[in-house]
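J.: what's the 3D shape of this:
(chains A and B)
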Amino acid sequence: MNNVNVPYTVKKEPVVNRFKKNYIGWIFILIAAAGICLFYFYPMVQALLLSFQSGMGANLEFVGLDNYFRLFNDPTFLAALMNTFIYLLIQVPVMIILALFLSVLLNDATLRFRGFFRTAIFLPCVTSLVAYAVIFKYLFGVNGFINQFLLDLSIISEPLNWLSDPLLAKITIIAAITWRWTGYNMIFYLSALQNVDRSMYEAAKMDGASSFQQFFYITIPMLKPIILFTSIISTIGTLQIFDEIMNITNGGPGNATLSISMYIYNLSFKYSPDFGYAATVSYVIVILVILLSLIQFKMAGDEK
Amino acid sequence: MRKVKRIGTYLFLSITAIVSIFPFLWMLVSMTNKSVDVTQGRLLPGTHLFENLKVLFESVNMVSALWNSTIVAVITTFLTLLIGSLAGYGFEIYRTQGKDRIFNILLLSMMIPFAAIMIPLYRLFGRVSSSMPFIGIDTLAAVILPTVITAFFIFFFRQNTKMFAKELVEAGRIDGLSELGIFFRIYVPTMKTTYAAAAIIAFMNSWNNYLWPLVVLQSPDKQTIPLLISNLGAGYTPDFGVIMTAIVIATLPTAIVFFLMQKHFVAGMMGSVKG
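T.: As a prediction, this is how the structure comes out:
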């Protein structure tokens, strides 16, 4: 800008006009802002107030922090919390490493059938969570395809009770989520890899770096922001997992696969409804989302 | 050594691809088979397709579920795009410090887990039910309303508006168009591909939404497709052939939309991450 010192010759917009434009600018935003306040922020405040109340259905009374103390002595809640952490700690890293690995393989321009592999691996993302959950329920049934397949290959000698054994049921859930979401993460990495300068790999190869060294010293650092993004998205998603649990195992056997979201649903709509306590449990997810996102940001930031 | 690595790569990719595709093939084959054949792991097409379709459309509310899902998804997509793009455009074109701050606050709502607001929302619509029954509990309007306003789409449209030539806004003003006129007659037509990407994501989200409809809908004739599938699968003696048929029908629209607009879809997802 070379005309900063001649302010008086610059034609200024009339104040009225500027005000009008600014005012119209607010109108563009108004519906969205009002909607988000009404459907997100207002319910958040309501949930906080509810978490200090207890009672059946609509008959609620203030009980202070009772609901929060109740959490620690509630075995069902502790089981749900534990399960959700197991999903998180096993599924998210496995999926992200698998997706990274696949995207590196598929980024190789000399690879044949790239389009086919890419589409095939992304395909699970077009299914609804309910639809694929129901399919997995039957695939992993006692008479299901997975057992048939394993029996045919003589890997097992008798059918496994995938859905009624606590450990196997958890494995089924983890397998299902991994199937559904790996391709989704892979697409992010593939797009990000297109922006990585090829000459870096050329130079690394000249210096005699192995594929694994290239992966750890070039690919991972270059993709760090996107890995952070996908791990936060996956963490938030896993903390909220509901559709799969509801439709594959219904939380069972016992409470072996119950998730926090499903426990909230049960507390509100299945057991004798206690909205106050359900809201308290739901705030646990809010706190976990905030904490885990902060930790992930911190971890990514420290290594920079 | 290189060759071994190559073969290993193809082997690994092929296995992953088969695992990814298999449930689709299985459900396509199963929709043509009897329930017994499905449980026995039959992997060949059968002749039971019309029987399954007949049972599905005659004994279950499949027609009304398809209708409800279509209505919900179309209206949701339209409103999501309208509200999201208006706001995204507003934030990017009329930039002031105050608006940037509000934008950041609105973005925080993306971190709010749905489970945390589900009960207050349910109570909110419950309270509305008595005075405005047409948007209360057990109406499609209640399914639609909380889902059409999301920070994600505001963010999405704002990111994409950065690529929109701002001179066009000035040109529109000189031509005497109103501010809204500029938006609808210049911005919307030039941003067609952005709208296409957003439409795919919004449609898929709505078509597949489960938890909120499960909470807010009660009568069987209001059911959307995911609720119907979930109920079919929950029966004591589920008819697997019929369930698979329902799942295929439910998956078809999103699969077709995806294949027709694969490029837009990927572009859309990336558009939301680009800093």
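
J.: the bottom helix or strand of the chain by mean pLDDT?
T.: Just so you know, I chose chain A. None of the helices or strands of chain A scores lower by mean pLDDT, DSSP states H and E than helix A:15-36, at a mean of 80.

J.: immediately after that helix, which helix or strand?
T.: Note on helix A:15-36: by DSSP states H and E, the next helix or strand toward the C-terminus is helix A:42-50.

J.: now do that following helix, average pLDDT.
T.: The average pLDDT within helix A:42-50 is 93.

J.: buried residues, it. List them.
T.: Of all the residues in helix A:42-50, those buried under the rule 16 or more other C-beta atoms under 10 Å in any protein chain shown are A:P43, A:M44, A:Q46, A:A47, A:L48, A:L50. C-betas here are computed from N, CA, C, even on glycine.

J.: what of stretch B:172-181?
T.: B:G172, B:L177, B:E179.

J.: now do it: distance from first to last residue.
T.: Length of stretch B:172-181, first residue to last, C-alpha to C-alpha, to the nearest Å: 8 Å.

J.: quick one: distance of it to the chain centre.
T.: Between the centre of stretch B:172-181 and the centre of its chain there are 34 Å (C-alpha atoms, centre = their mean, to the nearest Å).

J.: same check, this time on stretch B:244-261
T.: 12 Å.

J.: what's the answer for stretch B:234-243, then?
T.: 26 Å.

J.: quick one: contacts of it?
T.: Stretch B:234-243 is contacted by residues A:134, A:138, B:30-35, B:37-39, B:48, B:51-52, B:55-56, B:60, B:229, B:232-233 when judged by C-beta atoms under 8 Å, 6 or more residues apart in numbering or on different chains.

J.: now do the buried residues in it.
T.: For stretch B:234-243, by 16+ other C-beta under 10 Å, it's B:P238, B:D239, B:F240, B:G241, B:V242, B:I243.

J.: which two of these lie the greatest distance from each other?
T.: The two members of these with the most space between them (C-beta to C-beta) are B:P238 and B:G241, at 9.8 Å.

J.: before we move on, the earlier item: what's the closest of the buried residues of stretch B:172-181 to A:I290?
T.: Using C-beta to C-beta, B:E179 comes nearest to A:I290 of these, at 37.8 Å.

J.: what does stretch A:143-162 contact?
T.: Applying C-beta under 8 Å, 6+ apart, the external contacts of stretch A:143-162 come out as A:138-142, A:168-169, A:171-172, B:26, B:39-41.

J.: and A:D74, how far from chain B?
T.: With distances taken as C-beta to the nearest C-beta, to the nearest Å, A:D74 is found 16 Å from chain B.

J.: er, A:L258 actually
T.: To chain B, A:L258 is 13 Å away according to C-beta to the nearest C-beta.

J.: make sure that residue is indeed in a strand.
T.: No. Under DSSP: H, G, I helix; E, B strand; the rest coil, A:L258 falls outside any strand and is assigned coil.

J.: also near chain B: which of the buried residues of helix A:42-50, exactly?
T.: Near chain B, judged by C-beta under 8 Å from any C-beta of the partner chain, the entries from these are A:P43, A:M44, A:Q46, A:A47, A:L50.

J.: the fourth one: what's it in contact with?
T.: Applying C-beta under 8 Å, 6+ apart, we find A:A47 in contact with A:A279, A:S282, A:Y283, B:A116, B:I117, B:I119, B:P120.

J.: so what's it closest to, chain neighbours aside?
T.: Nearest residue to A:A47 in three dimensions, chain neighbours excluded: A:A279, at 4.5 Å (C-beta to C-beta, 6 or more residues apart in numbering or on different chains).

J.: neighbours around the one you found, how many?
T.: 30 (other C-beta atoms under 10 Å in any protein chain shown).

J.: before we move on, what about B:Q97?
T.: 7.

J.: return the nearest residue of the stretch 101-250 of chain B with respect to chain A.
T.: Distances between the stretch 101-250 of chain B and chain A by C-beta to the nearest C-beta are smallest at B:I149, namely 3.1 Å.

J.: so where's the chain shaky on pLDDT?
T.: If you meant another chain, say so; for now it's chain A. A:1-21, A:57, A:302-304 (pLDDT under 70).

J.: to clarify, I was referring to chain B.
T.: Within chain B, the segments meeting pLDDT under 70 span B:1, B:235-236, B:265-275.

J.: now do the helices in the stretch 151-275 of chain B.
T.: Residue ranges of the helices in the stretch 151-275 of chain B, as given by DSSP state H, counting those that start in this stretch, are B:151-161, B:167-174, B:179-182, B:188-190, B:192-208, B:211-216, B:225-234, B:240-260, B:262-271.

J.: check contacts around B:L108.
T.: Here B:L108 is in contact with B:A151 (C-beta under 8 Å, 6+ apart).

J.: try it again with 10 Å
T.: A:I36, A:Y40, A:F41, A:M44, B:A151 (C-beta atoms under 10 Å, 6 or more residues apart in numbering or on different chains).

J.: so it: helix, strand or coil?
T.: Using three-state DSSP, the structure places B:L108 in helix.

J.: re the thing from before, just the buried residues of stretch B:172-181 that are near chain A?
T.: B:E179 (C-beta under 10 Å from any C-beta of the partner chain).

J.: mind putting the buried residues of stretch B:172-181 into CSV with distance to A:Q148?
T.: Formatted as CSV, the buried residues of stretch B:172-181 follow (distance: C-beta to C-beta, whole Å):
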residue, distance to A:Q148
B:G172, 65
B:L177, 66
B:E179, 64
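
J.: could the ones next to chain B among the buried residues of helix A:42-50 go into a markdown table alongside distance to B:I112?
T.: A markdown table is the format used below for these (distance: C-beta to C-beta, whole Å):
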| residue | distance to B:I112 |
| --- | --- |
| A:P43 | 8 |
| A:M44 | 6 |
| A:Q46 | 12 |
| A:A47 | 10 |
| A:L50 | 15 |
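
J.: which non-adjacent residue is nearest B:Q262?
T.: B:Q262 sits nearest to A:T119 (C-beta to C-beta, 6+ apart), 7.4 Å away.

J.: contact partners for A:A109?
T.: Contacts of A:A109 (C-beta under 10 Å, 6+ apart): A:R198.

J.: quick one: it is in a helix?
T.: No. Counting by three-state DSSP, A:A109 is not part of a helix but coil.

J.: what values do phi and psi take at it?
T.: phi -70, psi -20 (degrees, to the nearest 10).

J.: what is the burial count for B:A165?
T.: B:A165 has 10 neighbours, counted by other C-beta under 10 Å.

J.: so it is in contact with B:G172, correct?
T.: No. Between B:A165 and B:G172 there is no contact under C-beta atoms under 10 Å: 11.2 Å.

J.: so, in contact with chain B or not, stretch A:80-97?
T.: No. Stretch A:80-97 stays clear of chain B (C-beta under 10 Å from any C-beta), getting no nearer than 11.0 Å.
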